[in-house]
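Undergrad: I would like to see how this sequence folds:
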Amino acid sequence: MTVLRTCGITKYFYDPEKFQVLKNISMEVQRGEFLSLVGKSGCGKSTLMYVLSTMDTDFEGELEIAGENLTRRSQNYLAAFRNRHIGFVFQFHYLLPEFTVLQNVMLPALKLGELSKAEIENRAIEKLQLLGMAEHARKKTNKLSGGQQQRVAIARALINNPDVLMGDEPTGNLDSHNSRIVFDIFRELTTVHKQTIIAVTHDEEFARQTDRVVEMSDGRIL
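TA: Numbering: from 1, shown residues only. Prediction:
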């Protein structure tokens, strides 16, 4: 089942002069697929990720996620859609240090407002158990190691059971041991839980072990 589809995505930057950064990108991603997006700096992969994530709406072409055409939708609509359908894992975890692990994981679900606080707390504990972090639920996030913080960030990204998990250099700030842990978590999420994952990465070993490598050069998919 196709969970994400693009048709003819084309994008220009205009500062300091007009420059075409994405050139007619058409692609499909299937449910449960683990895909890595690779290429040299400046090839357009991060720009493409911003378009796929609905953060960047200034493009030509069509974007569809979970059967919904998202082209030319309002910013408010897209913000609500992102919270429900897309989970984000960045190079830096962006956890709130004054909150506990549990509170950080619960935040996107509280914002969505579809479940009671008790139901959200139960789901957050489940996600933390999945990532081996339940025993740290009541700790402040600034008391955790970098690898542990990234696992909490993944739990937070999963709280609303998104259709797509998007990673922007998800292991870029981790040592090789923690990079391996994060990769293994992603692999389990796709194989056992049928989670779709798209990750931008410079880590060749990480990319090589994903289901599909999409290589970009000069704004095009090779």
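
Undergrad: what about M216, which SS state?
TA: strand (DSSP: H, G, I helix; E, B strand; the rest coil).

Undergrad: roughly how far apart are M27 and V51?
TA: M27 sits at a distance of 11 Å from V51 (criterion: C-beta to C-beta, to the nearest Å). (Each C-beta comes from the backbone N, C-alpha and C, glycine too.)

Undergrad: then Q195?
TA: Distance, Q195 to V51, using C-beta to C-beta: 21 Å.

Undergrad: so how far is the longest helix seen in the chain off the chain centroid?
TA: Longest helix of the chain, by residue count under DSSP state H: helix 176-193. Centroid separation for helix 176-193 versus its chain: 14 Å, with C-alpha atoms, centre = their mean, to the nearest Å.

Undergrad: got the buried residues for that helix?
TA: Neighbour-count burial for helix 176-193, counted by 16 or more other C-beta atoms under 10 Å, picks out 178-179, 181-183, 185-186, 189-190.

Undergrad: repeat that for stretch 17-30.
TA: 21-22, 25, 27, 29.

Undergrad: now, those that are in strands?
TA: Using DSSP state E, the members of those that fall in strands are 21-22, 25, 27, 29.

Undergrad: nearest to D211 among these?
TA: Using C-beta to C-beta, V29 comes nearest to D211 of those, at 9.9 Å.

Undergrad: secondary structure element holding the spatially most central residue of the chain?
TA: When C-alpha atoms, centre = their mean is applied to the chain, the residue found nearest the centroid is M166 (1.6 Å). Taking DSSP states H and E as the criterion, M166 maps to strand 164-168.

Undergrad: send me that strand as CSV with only the CA atoms.
TA: The C-alpha coordinates for strand 164-168 follow below in CSV (Å, rounded to 0.1, in the frame of the first residue of the first chain):
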residue,chain,number,x,y,z
VAL,A,164,5.3,8.2,8.2
LEU,A,165,8.3,8.7,10.5
MET,A,166,10.8,11.2,9.0
GLY,A,167,14.4,11.3,10.2
ASP,A,168,16.7,14.2,9.4
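
Undergrad: so F88 makes contact with S53?
TA: Yes. Using C-beta atoms under 8 Å, F88 is in contact with S53, at 7.1 Å.

Undergrad: these two: which has the busier surroundings?
TA: F88 (21 against 18; other C-beta atoms under 10 Å).

Undergrad: and the more buried one, how far from F13?
TA: Plainly put, F88 is 23 Å away from F13 if you go by C-beta to C-beta.

Undergrad: what about R84, which helix or strand?
TA: If you go by DSSP H and E, R84 is part of helix 75-85.

Undergrad: tell me the buried residues in stretch 192-199?
TA: Judged by neighbour count (16+ other C-beta under 10 Å), stretch 192-199 contains these buried residues: 195-199.

Undergrad: state the mean pLDDT of it.
TA: For stretch 192-199, mean pLDDT rounds to 94.

Undergrad: stretch 15-34 too?
TA: Rounded mean pLDDT across stretch 15-34 is 92.
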